[in-house]
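A.B. asks: Sequence unavailable; structure follows:
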């Protein structure tokens, strides 16, 4: 088992080192790193903007690049937290707590250095986890029938929508909305047109690029415009020498990195817990087990090392259910899954067998990409810090142009641009009403497959819903889903009962 | 009943759910064994209406979630504009400019071509920022035009005429 995995991985490296793939992996991590630094742009907006570009690319290169953007963005996110105390990127918000005090003490460079090391260790472990865990998962998944797949999707959808910080009801509502948007267009079974509003353009359904760019691009810009203030560039000089942490700092940080890595990799196995939750859990754990918890918040190196390692390990681990089961854990993974579908690749357990070059090439590219990121970040840190000062008033107009032309290029039609605007306005309305629209994408990508599998399961069982509880696999998934939903609602109601301290 | 965010959210969901049910009913619904194309939309629509109703009746002022900056104890004033999961009240100037910019891209792109559309959309969008100056907006628009011509037209071969003159053609 281990030998075959290593053998396949060796093959993966051969794929990832093909000049073409290597180039796109590099482009991905560089671009990801770049948008990861910038306030007001996240990996989701970046992946959506580059998604149209990948339509013309080979599947392997396309996925390597899009994945590179995601984990590359995590490398840049901590800079703002540590140097400026601004939690711009949620997975790195908790890094502010001890990162900024370190900057005030003049150890900001060292904090960044520790972040780099922690990132690499966390990511390495996450990748290793994927190498050995994903094939096991695939082996199990081959036993799944349509009812089991349905139950698993339901679990994935519920986890993805309720583990966000907002009310679980609103999260589920967004997922259901996404499912509805996903089945718009021509029905595969009856060729009837649903939710097309009589528009010919809608016969193919909602364009995933338009949806993603509307929600993560246009709606975000409407929310942020005139609220993001330019960052003053004072005292933000970080030299390469200053990034070297002292021996003592390393000695305290190293065990914390390992602990954080473990927390992150565990979080990655629970569907729906993304890097943000992983980093918060890691910080809390670190503080709890520390012999000197009072040091936290005043520049404790463990307070940076552990959450950062956790974030990165969970980011890499996020790919496990996506690539091996075809069930994305969050919106970013849903986008990458969408890119796979556009490339004509059916996600699911058969992916590893049918497209080994894609699966193992992706894993190999994770190593290459992470090494590239560490190499890139050390000399480029000065440039990234300068990038922070690019004002938002230049960023969003340029991004809007990229969105317009990107959507246009997918269909060579201006209709898509209008579609994006409408979705953007709708997304902004949802934001104003306190929704987090990200799960829409999750539902959207899974919608058609969910309906198809449900129909199939019902056809086989002759319309008997009991099939879901009679099959042990599907019953256990449903039980977990019910447990998850129950605890979520319980905590949410409990929180609501208590009057909140002002 | 005072309308707060949650009540509006619940109402919106119920409305959307109703829409889905009505649309679904215009197709054949079928039975569980032989599900028609209307079955799923109707079912999802009903669920959406149910959730909307639950949100409507459970809405309370303390449901408002805390922004991320509050969770980590950062200075709210300093970070409110950046905390990603907290939507500030709408900035109408910015929002209208963003809408106008995209509408402009579609309309001008349709009649005059890529370059005018690019300039117009970037220029208008840039004006949405309250600190923007005319000069900066023009420069940004021109830079993006150069990118549209160089990168998108010549390198990526986007099928979009750089200029077109409908009046001359007619």
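C.D. replies: Cool, got the structure. It should be emphasised that the depicted structure is a prediction, and the values quoted were computed from it without experimental measurement.
A.B. asks: Tell me where the stretch 51-200 of chain A has strands.
C.D. replies: Remark: strands assigned in the stretch 51-200 of chain A by DSSP state E, counting those that start in this stretch are A:185-186, A:193-194.
A.B. asks: Turn those into TSV, columns for distance to chain B.
C.D. replies: Placement of C-beta: from N, CA and C, glycine included. Rendered in TSV, the data for these read as follows (distance: least, C-beta to the nearest C-beta, whole Å):
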stretch	distance to chain B
strand A:185-186	9
strand A:193-194	6
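A.B. asks: ok, residue 137 - contacts?
C.D. replies: No chain was given, so I picked chain A. Contacts here follow C-beta atoms under 8 Å, 6 or more residues apart in numbering or on different chains; on that basis residue A:137 touches A:320-321, A:324-325, A:349.
A.B. asks: nope, chain B please
C.D. replies: A:397, B:122-123, B:126-127.
A.B. asks: So which of the strands of the stretch 51-200 of chain A is the most surrounded?
C.D. replies: strand A:193-194 (a mean of 20; mean count of other C-beta atoms under 10 Å in any protein chain shown).
A.B. asks: Any idea how many residues pack against residue 37?
C.D. replies: Let's take chain A. The burial count assigned to residue A:37 is 26, neighbours taken as other C-beta atoms under 10 Å in any protein chain shown.
A.B. asks: my bad, the chain I had in mind was chain B
C.D. replies: Other residues near residue B:37 come to 23 when the count uses other C-beta under 10 Å.
A.B. asks: Residue B:28 is in contact with that one, correct?
C.D. replies: Yes. Contact criterion C-beta atoms under 8 Å: residue B:37 and residue B:28 qualify, at 6.4 Å.
A.B. asks: Return the residues in contact with residue A:357.
C.D. replies: In this structure, residue A:357 makes contact with A:11-12, A:15, A:60, judged by C-beta under 8 Å, 6+ apart.
A.B. asks: Swap in 6 Å and give it another go.
C.D. replies: Contacts here follow C-beta atoms under 6 Å, 6 or more residues apart in numbering or on different chains; on that basis residue A:357 touches A:15, A:60.
A.B. asks: Apart from its chain neighbours, what residue comes closest to the residue in chain B sticking out farthest from the centre?
C.D. replies: Of all residues in chain B, residue B:33 has its C-alpha farthest from the mean position, at 38.5 Å, by C-alpha atoms, centre = their mean. Nearest residue to residue B:33 in three dimensions, chain neighbours excluded: residue A:463, at 3.4 Å (C-beta to C-beta, 6 or more residues apart in numbering or on different chains).
A.B. asks: Can you say which helix or strand has the one you found in it?
C.D. replies: Here residue A:463, judged by DSSP states H and E, is contained in no helix and no strand.
A.B. asks: Counting neighbours, what do you get for it?
C.D. replies: The number of residues packed around residue A:463, counting by other C-beta under 10 Å, is 15.
A.B. asks: can you check residue B:165 too?
C.D. replies: Taking other C-beta under 10 Å as the criterion, the count of residues near residue B:165 is 11.
A.B. asks: Residue B:113 versus that one, what's the distance?
C.D. replies: Residue B:165 is 8 Å from residue B:113, where distance means C-beta to C-beta, to the nearest Å.
A.B. asks: Name the nearest residue to residue 87, sequence neighbours excluded.
C.D. replies: Reading this off chain A. Taking C-beta to C-beta, 6+ apart, and ignoring the residues beside it in sequence, residue A:87 has residue A:93 as its nearest neighbour in space, at 3.4 Å.
A.B. asks: um, chain B though
C.D. replies: If the residues on either side of it in the chain are set aside, residue B:87 comes closest to residue A:431, at 4.5 Å by C-beta to C-beta, 6+ apart.
A.B. asks: which ones are touching residue A:202?
C.D. replies: With contacts defined as C-beta under 6 Å, 6+ apart, the neighbours of residue A:202 are residue A:196.
A.B. asks: give me phi/psi at it?
C.D. replies: Main-chain dihedrals, residue A:202, degrees, to the nearest 10: phi -90, psi 0.
A.B. asks: what does the stretch 251-400 of chain A have sitting close to chain B?
C.D. replies: With C-beta under 6 Å from any C-beta of the partner chain as the criterion, the stretch 251-400 of chain A meets chain B at residues A:393, A:397-398, A:400.
A.B. asks: Following the chain past the helix or strand bottoming out on mean pLDDT in chain B, name the next helix or strand.
C.D. replies: For chain B, the helix or strand with the lowest mean confidence is helix B:76-79, at a mean of 44 (criterion: mean pLDDT, DSSP states H and E). Tracing the chain past helix B:76-79, the next element assigned as helix or strand by DSSP H and E is helix B:92-112.
A.B. asks: Who are the packing partners of that next one?
C.D. replies: Contact partners of helix B:92-112 among helices and strands, from 3 or more C-beta pairs under 6 Å, 6 or more residues apart in numbering or on different chains; DSSP states H and E: helix A:219-224, helix A:415-432, helix B:114-126.
A.B. asks: Taking helix B:114-126 as reference, get the angle to the second one.
C.D. replies: If you take axes from the mean of the first three to the mean of the last three C-alpha atoms, to 10 degrees, helix A:415-432 sits at 10 degrees to helix B:114-126.
A.B. asks: Return the distance of the following helix or strand past helix A:415-432 from the chain's centre.
C.D. replies: On the C-terminal side of helix A:415-432, the closest following helix or strand by DSSP H and E is helix A:438-460. In terms of C-alpha atoms, centre = their mean, to the nearest Å, the centre of helix A:438-460 is set 21 Å apart from its chain centre.
A.B. asks: Likewise for stretch A:484-491?
C.D. replies: The offset between the C-alpha centroid of stretch A:484-491 and the centroid of the whole chain comes to 23 Å, using C-alpha atoms, centre = their mean.
A.B. asks: related to what we said a few turns ago, the residues of the stretch 251-400 of chain A next to chain B in strands, which ones?
C.D. replies: When DSSP state E defines the strands, the subset of those inside them is empty.
A.B. asks: Name only those of those that count as buried.
C.D. replies: A:393, A:397-398, A:400 (16 or more other C-beta atoms under 10 Å in any protein chain shown).
A.B. asks: now those in TSV, with pLDDT?
C.D. replies: As requested, these are exported to TSV (pLDDT from 0 to 100):
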residue	pLDDT
A:393	88
A:397	93
A:398	92
A:400	93
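A.B. asks: Tell me which two of these sit farthest apart.
C.D. replies: With distances taken as C-beta to C-beta, the most widely separated pair in those is A:393 and A:400, at 12.0 Å.
A.B. asks: re earlier: state the number of residues packed around the residue nearest to residue B:87.
C.D. replies: Other residues near residue A:431 come to 21 when the count uses other C-beta under 10 Å.
A.B. asks: from memory it sits against residue B:90, does it?
C.D. replies: No. Counting by C-beta atoms under 6 Å, residue B:90 is not a contact partner of residue A:431; they are 9.7 Å apart.
A.B. asks: ok now stretch B:95-109, how far from the chain's centre?
C.D. replies: Using C-alpha atoms, centre = their mean, the offset of stretch B:95-109 from its chain centre is 12 Å.
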